[in-house]
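Undergrad: here is my input, please return the structure:
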Amino acid sequence: MNKTSISATLTQANIDAVKAAIVAIGAQVPFLISLSKQERRALTKVGPKSIDFVQEAHNASVNFPNILPPVFDKVEYAKDTALYKSLNEIKLLINSLNEKIESTHMAVGAESMNASLVVYKMVHSASKTTPGLESVYAELRQRFKNQGKKASKKKQSKNTDMAA
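TA: Down below sits the predicted model:
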């Protein structure tokens, strides 16, 4: 990974504008639903290979409408196929944006954590000579509580396994 330093800020106005844009997007697609895990499992899956299949089947239904039984709802099928295609385009753009947000979030989080570790070391060092920093160090130290114990237990477990 490239050592990327992200130096940016988001004003409250920027955050509010992004939130408003997301709400506006949601308002344009009020029919969106949420599915439970069980509902997701029960659905027929459509992957990359199936997209072409759906389009070809739709073309067949348009070009040879007489082969379909009268109870087959051709209008609803056309709407579903068109909506699927449109949502696929939107999903592609949103996924790309989400990927950038996730990557930036991860990189900025790493930068923040690395800088925080430097602060932690400085507070630890200074807490020995600077009045009032002992409680700050104790608070920061909570982040690493029990980490040494886990590592020790793993080492003990490996040593026990090797001895057996």
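Undergrad: hang on, Leu35 packs against Arg41?
TA: No: counting by Cβ atoms under 8 Å, Leu35 stays clear of Arg41, with 9.4 Å between them. Placement of C-beta: from N, CA and C, glycine included.
Undergrad: show me where the protein has its helices.
TA: For the chain, the helices defined by DSSP state H cover 12-28, 37-42, 48-63, 74-126, 133-141, 147-163.
Undergrad: out of those helices, the one nearest Ile6 is which?
TA: Closest to Ile6 of those is helix 74-126 (Cβ to Cβ; 5.2 Å).
Undergrad: from the middle of its chain, how far away would the closest one be?
TA: Offset of helix 74-126 from its chain centre (Cα atoms, centre = their mean, to the nearest Å): 5 Å.
Undergrad: tell me what it is packed against?
TA: On a contact count with 3 or more Cβ pairs under 8 Å, 6 or more residues apart in numbering; DSSP states H and E, helix 74-126 meets helix 48-63, helix 133-141.
Undergrad: how about 6 Å then?
TA: helix 133-141 (3 or more Cβ pairs under 6 Å, 6 or more residues apart in numbering; DSSP states H and E).
Undergrad: buried sites along the helix it packs on?
TA: Residues Leu133, Val136, Tyr137, Leu140 are the ones in helix 133-141 that count as buried (16 or more other Cβ atoms under 10 Å).
Undergrad: coming back round to it: possible to save the helices of the chain as JSON lines with mean pLDDT and distance to Ile6?
TA: Below are those laid out as JSON lines (pLDDT from 0 to 100; distance: least, Cβ to Cβ, whole Å):
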{"stretch": "helix 12-28", "mean pLDDT": "97", "distance to Ile6": "15"}
{"stretch": "helix 37-42", "mean pLDDT": "96", "distance to Ile6": "35"}
{"stretch": "helix 48-63", "mean pLDDT": "93", "distance to Ile6": "32"}
{"stretch": "helix 74-126", "mean pLDDT": "95", "distance to Ile6": "5"}
{"stretch": "helix 133-141", "mean pLDDT": "92", "distance to Ile6": "24"}
{"stretch": "helix 147-163", "mean pLDDT": "63", "distance to Ile6": "28"}
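Undergrad: ranking those helices by burial, who's on top?
TA: Among the helices of the chain, helix 133-141 has the highest mean neighbour count (mean count of other Cβ atoms under 10 Å), at a mean of 14.
Undergrad: ok, and what's touching that one?
TA: For helix 133-141, contacts defined as Cβ atoms under 6 Å, 6 or more residues apart in numbering pick out Tyr120, Val123, His124, Ala126, Ser127.
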